[in-house]
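> 3D, please:
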Amino acid sequence: MKNIGLITALLLFGVSTYAQEGLKFGIQGGLPFNDFNKDVRVVLGANVGYMWALGEVVDLGLMAGYLYGT
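Numbers count the residues shown, from 1 in each chain. So this is what the prediction gives:
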């Protein structure tokens, strides 16, 4: 139950931070659960992107990212 609450809080935080035009940077991290504990110990990632507002309804953007698991 504790894990579900933490995951929900992180998802809500991530959803609320992406709605503006311009340059964006992001980092993320994660810990594996259940069957993945043997193969992966920690996950780190980074991304960068840029978004243009073409109108009130349409946006256009580019995003690139890197995800690394050890």
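> pLDDT on the strand or helix carrying residue 7, on average?
Assigned by DSSP states H and E, residue 7 belongs to helix 2-15. Averaged over helix 2-15, pLDDT sits at 66.
> next structured bit after it?
strand 22-30.
> how far is that following strand from where the chain is centred?
Distance of strand 22-30 from the chain centroid (Cα atoms, centre = their mean, to the nearest Å) equals 6 Å.
> now that strand - C-alpha only, CSV.
Listed next in CSV are the C-alpha coordinates belonging to strand 22-30 (Å, rounded to 0.1, in the frame of the first residue of the first chain):
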residue,chain,number,x,y,z
GLY,A,22,9.9,26.4,-24.4
LEU,A,23,12.9,24.4,-23.3
LYS,A,24,12.5,21.5,-20.9
PHE,A,25,15.0,19.5,-18.9
GLY,A,26,14.1,16.4,-16.8
ILE,A,27,15.8,13.8,-14.7
GLN,A,28,14.3,10.6,-13.3
GLY,A,29,15.3,7.7,-11.2
GLY,A,30,13.8,4.4,-10.2
